[in-house]
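A.B. asks: Below are the sequence and a predicted model; questions follow.
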Amino acid sequence: MGKIAVHEFITLDGVIEKPTWTMEFPFDPKMGEAIAAIMGSSKGLLLGRPTYEQSAPAWSTRTADDDPGAPLMNESPKYVVSGTL
């Protein structure tokens, strides 16, 4: 049986919706290391439909030179969960 590792952006008061709030804060290299540790062993990405639809256009144009996480995001299989499609 496989396992699902979750990584979410969440505020200290528990807000998890609309991760665009993170854009106003600089990206700390330690955060990148933590995300890489979780996602590095992933064999695929499990995404909700809205997250996939918002992320796909942004990631599909990035390269490893732009962002070290781009190859993982672009090359990994994506499993999209939707209750409306």
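C.D. replies: Done, it's in.
A.B. asks: what's the least confident helix or strand in the protein, going by average pLDDT?
C.D. replies: Ranked by mean pLDDT, DSSP states H and E, the weakest helix or strand in the chain is helix 29-39, scoring a mean of 82.
A.B. asks: and after that helix, which helix or strand comes next?
C.D. replies: strand 45-48 (DSSP states H and E).
A.B. asks: just how off-centre is that next one within its chain?
C.D. replies: 8 Å (CA atoms, centre = their mean, to the nearest Å).
A.B. asks: Residue 25: neighbour count?
C.D. replies: 9 (other CB atoms under 10 Å). For glycine as for every other residue, the C-beta is placed from the backbone atoms N, C-alpha and C.
A.B. asks: OK, contacts around it?
C.D. replies: For residue 25, the contact set (CB atoms under 8 Å, 6 or more residues apart in numbering) is empty.
A.B. asks: Recalculate using a threshold of 10 Å.
C.D. replies: 9, 31 (CB atoms under 10 Å, 6 or more residues apart in numbering).
A.B. asks: Give me the phi and psi for it.
C.D. replies: Dihedral pair for residue 25: phi -110, psi 140, per degrees, to the nearest 10.
A.B. asks: which residues in this structure form helices?
C.D. replies: Per DSSP state H, the chain carries helices over the ranges 29-39, 49-59, 70-75.
A.B. asks: so can I have JSON lines of these showing mean neighbour count and distance to residue 6?
C.D. replies: Shown next, in JSON lines, are those (neighbours: other CB atoms under 10 Å; distance: least, CB to CB, whole Å):
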{"stretch": "helix 29-39", "mean neighbour count": "12", "distance to residue 6": "8"}
{"stretch": "helix 49-59", "mean neighbour count": "13", "distance to residue 6": "12"}
{"stretch": "helix 70-75", "mean neighbour count": "14", "distance to residue 6": "16"}
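A.B. asks: re the thing from before, tell me what the least confident helix or strand of the chain is packed against?
C.D. replies: helix 70-75 (3 or more CB pairs under 10 Å, 6 or more residues apart in numbering; DSSP states H and E).
A.B. asks: and the helix it packs on, what's its mean pLDDT?
C.D. replies: Here helix 70-75 scores 87 as its mean pLDDT.
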